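Novice: Quick one: sequence and predicted model below, then my questions.
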Protein chains: 2
Amino acid sequence: MGRLTGGDPSLLRRINSAVVLHALRDSGSPTLTDLTRLTGLSRPTVEGVVEGLIEAGLVAESVPEEGGARRQGRPARRFRFRVEAGHLLGIEIGPHRVAALVSGLNGRIIGAASREVSETASADDRLDRVRVVIADVLRRTGVSRNNLRAVGVGSPGIVEADGTVRLGVALPGWTGLPLGQRLQRSFRCPVLVENDANAAAVAEHWKGVAKDSDDFVFVLAGLSPGAGSLIGGRLHRGFGGAAGEIGALHLLGRESRPETLLSPTDQALRPLDEHAVAEVFTLAKGGDARAQAAVDRFIQRLVHDVAALVLALDPELVVIGGWAAGLDGLLPPLRSELERYCLRPPQVVLSLLGEAAVATGALRIALDHVEEELFAVEGTASARG
Amino acid sequence: MGRLTGGDPSLLRRINSAVVLHALRDSGSPTLTDLTRLTGLSRPTVEGVVEGLIEAGLVAESVPEEGGARRQGRPARRFRFRVEAGHLLGIEIGPHRVAALVSGLNGRIIGAASREVSETASADDRLDRVRVVIADVLRRTGVSRNNLRAVGVGSPGIVEADGTVRLGVALPGWTGLPLGQRLQRSFRCPVLVENDANAAAVAEHWKGVAKDSDDFVFVLAGLSPGAGSLIGGRLHRGFGGAAGEIGALHLLGRESRPETLLSPTDQALRPLDEHAVAEVFTLAKGGDARAQAAVDRFIQRLVHDVAALVLALDPELVVIGGWAAGLDGLLPPLRSELERYCLRPPQVVLSLLGEAAVATGALRIALDHVEEELFAVEGTASARG
């Protein structure tokens, strides 16, 4: 308590500013009187803060609605948070596809763009494709690059805090790539890079099937699954950013790689060749016994990987996303096996966001960064919810 | 900030009391002047709080040391935190052994007792044995049962928040046992029940090999391993208290149970029969090829289980405890396999606390509970460190 009374005046201004902005964002078009009531601050303080926020472009006087009830005298001025004061970009860089989403400061998505890309594309070619998609979505939405406040990026691999890909075997040239730094050249705002499964987990918590759960695992089910976990509502990255990289588990038993496992012939599939995989599933559906056996092996392995995550973390919920989420007959064996062998089986559900999950999560990560700047002063954010 | 100015006076008293007690605990024998300086509170407030703490038995005037430098006039009164004002009990209830530790309010262990117990003992018999050990340690230390402030208990199984064992296959009659409630009858203070691996993890963080790590996994390596994890310095129990129960992983692949895996004959070992297991290891050392193969299978499985935990959680450190930690030749394959297959291999070390880990962790859990009551007021504990 002693710390606050002798406080730093600029810190106090920042706290007051964050408090007023928070109230403005959450309450439509309040008057100054509303704001003093909502914040508990004095009227002169609120007036000063609001003036400052208007100068900073974050707040505007709202235009009174037509047709409202007329009152005597001059109506009180009303204010609103300018969601258009800044924009955010969420980018997915995947093996087959790059995608981008744009939103204003309230997180509402106002535009999207995507392109296919070859899984064999070099890092430079892939980044070129990313730039094309970004230019495309900015043009479509009419958002200026200078108006971006933060850019989030979701991509496969273990990502260091500085945005370097420490290990990323899914994409050619990805390991060691200073991805954040490379993308940073195109922007004046911060660029935040996150593992794709982690980004997808954040997305499902924000707008997807895990809205009501603070403890869940998102499984990005491809040939080799990755996972992102929220624990107590926070992304669990792990000590070195590698949490959830469960795909390596099977290497331990000297078992075959997924490409071998899923092949209905004696020849392994090409790495990351999802078309070939889809064919195997189609063959299996058509009654091909060898293809069916391959599919069974694949599902059994996915069940094992998911079980390992569930036993380690004990989440409330498991969300299955990624391309394998679209496969028929995936969920029933997952559910029944987890029920048999996990001491407390979690719910198992499919991703709601589908292929938009990674870019959506990247956007949310960018938004978190900006909200941290605008609304949070250390120690006040959580208390004020 | 508005919340504190209009605050609840009893809350304010509790905050002040916790702050003064904190300062007293951490600073030897301060004077009232020292305490006003350390806490930032006014002298009348400090005097009032100290009087209250003396009445509550938590603080005493300290006797001046002989031979100290003499000064003119009456020396200032000095005060100390009475670590003997309350005591704590940490209990392990295991398959083969029950043990208890006693400490004062500073957590320093002043007494220990333990007894063997059969792995086939009924729940009632096992609890009788626990009562004997408790009576024993209290008698030895001269601590009155009424002076206990909290009791922590570590035991195998998934433990509900109310102290009921939801699932505990390691001990006969354990599943469904209201363990907390049963033990509560013997005490007037709170009884807190925790999974044994979780308790051991807490212990290694407190007094063991993981003092400097906030992100680690403790593996309680027995026939079927369990694990406890600290994430960001906090115990990760999981949504349903089942996090780390990795032993079930192998059931999924329809692989053999540990008792079969470890048998050098066609006959499975008896469940939890560690003597038989130790014999297998001795045979292997003596050059018996079938025994060596059984040991290799066992270690391979443990490596797989630990790898699953590491891939899911990405800890800084893995601590291996439990009886299997004492086996020769366990660490090298664990380290080399994790290095080969984990994207970012953690350090792997042996438990420092050995068989004392579970009871020590249970004691720490009891101490945490009491410190929460004495020192923490919501929102102030972490800020004051």
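Specialist: Good, I have the coordinates.
Novice: rest of the way, CA atoms for contacts and neighbours
Specialist: Will do.
Novice: wait, does stretch A:163-171 contact chain B?
Specialist: Yes: using CA under 8 Å from any CA of the partner chain, stretch A:163-171 reaches chain B at A:L167.
Novice: now swap in stretch A:198-212 and tell me
Specialist: No: using CA under 8 Å from any CA, stretch A:198-212 stays clear of chain B, with a minimum separation of 12.3 Å.
Novice: Identify each buried residue in that stretch, please.
Specialist: A:N198, A:A199, A:A200, A:A201, A:V202, A:A203, A:E204, A:H205, A:G208, A:V209, A:A210 (16 or more other CA atoms under 10 Å in any protein chain shown).
Novice: how close does the residue sitting nearest the centre point of chain A get to A:V151?
Specialist: Nearest to the geometric centre of chain A sits A:G361, at 1.3 Å (CA atoms, centre = their mean). From A:G361 across to A:V151, the span is 11 Å (CA to CA, to the nearest Å).
Novice: Now for the residue nearest to A:V165 when sequence neighbours are not counted, how many residues are close by?
Specialist: Excluding its sequence neighbours, the residue lying closest to A:V165 (CA to CA, 6 or more residues apart in numbering or on different chains) is A:V159, at 4.5 Å. The tally of other residues near A:V159 (other CA atoms under 10 Å in any protein chain shown) stands at 28.
Novice: And for A:S118?
Specialist: Residue crowding around A:S118 was assessed by other CA under 10 Å; the count is 13.
Novice: In a helix, it, correct?
Specialist: No: using DSSP: H, G, I helix; E, B strand; the rest coil, the assignment for A:S118 is coil, not a helix.
Novice: give me phi/psi at the closest residue to it other than its chain neighbours?
Specialist: Distances taken as CA to CA, 6+ apart place A:H96 nearest to A:S118, at 5.5 Å, with adjacent residues excluded. Here is the backbone geometry of A:H96 (degrees, to the nearest 10): phi -120, psi -10.
Novice: Now for A:V319, which secondary structure element holds it?
Specialist: Secondary structure assignment for A:V319, by DSSP states H and E: strand A:317-321.
Novice: and the angle for the next helix-or-strand element following that strand with strand A:317-321?
Specialist: Counting by DSSP H and E, the element after strand A:317-321 in chain order, helix or strand, is helix A:331-341. With axes from the mean of the first three to the mean of the last three CA atoms, to 10 degrees as the basis, helix A:331-341 and strand A:317-321 are set at 150 degrees to each other.
Novice: got a list of contacts for helix A:331-341?
Specialist: The contact list for helix A:331-341, computed with CA atoms under 8 Å, 6 or more residues apart in numbering or on different chains, reads A:I299, A:V303, A:A307, A:P345, A:P346, A:Q347, A:V348, A:V349, B:A248, B:L249, B:L251, B:L252.
Novice: pretty sure the first one is touching A:L330, no?
Specialist: It refers to A:I299. Yes: A:I299 is in contact with A:L330 according to CA atoms under 8 Å; the separation is 6.6 Å.
Novice: now the stretch 51-200 of chain A, which segments are flagged as low pLDDT?
Specialist: Flagging of the stretch 51-200 of chain A using pLDDT under 70 yields the residue ranges A:64-72.
Novice: For chain B, what's its nearest residue on it.
Specialist: A:L167 (7.4 Å; CA to the nearest CA).
Novice: got the contact list for that residue?
Specialist: For A:L167, the contacting residues are A:G157, A:I158, A:V159, A:W174, A:T175, A:G176, B:L343, by CA under 8 Å, 6+ apart.
Novice: Weed out the non-buried ones from those residues.
Specialist: Among the contacts of A:L167, those scoring as buried are A:G157, A:I158, A:V159, A:W174, A:T175, B:L343 (criterion: 16+ other CA under 10 Å).
Novice: Let's verify the fifth one: helix, strand, or coil?
Specialist: For A:T175, the secondary structure call by three-state DSSP comes out as coil.
Novice: coming back round to it: show the contacting residues for the residue nearest to A:V165.
Specialist: A:V165, A:R166, A:L167, A:V193, A:E194, A:N195, A:G241, A:A242.
Novice: For A:G28, see how far away it is.
Specialist: The gap separating A:V159 from A:G28 is 39 Å, by CA to CA.
Novice: can you list the residues of the stretch 101-250 of chain A near chain B?
Specialist: Applying CA under 8 Å from any CA, we find that the stretch 101-250 of chain A lies next to chain B at A:167, A:215, A:236-246, A:248-249.
Novice: Also the stretch 251-385 of chain A?
Specialist: When proximity is defined by CA under 8 Å from any CA, the stretch 251-385 of chain A lies next to chain B at A:251-253, A:304, A:307-316, A:337, A:341-344.
Novice: Narrow those residues to those in helices?
Specialist: In helices, judged by DSSP state H, the following of those are found: A:L251, A:L252, A:H304, A:A307, A:A308, A:L309, A:V310, A:L311, A:A312, A:L313, A:E337, A:Y341.
Novice: Please tabulate these in TSV, including the columns neighbour count and distance to A:T33.
Specialist: TSV is the format used below for those (neighbours: other CA atoms under 10 Å in any protein chain shown; distance: CA to CA, whole Å):
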residue	neighbour count	distance to A:T33
A:L251	16	64
A:L252	19	65
A:H304	23	59
A:A307	26	55
A:A308	30	55
A:L309	32	52
A:V310	31	51
A:L311	30	53
A:A312	32	52
A:L313	30	48
A:E337	18	59
A:Y341	17	59
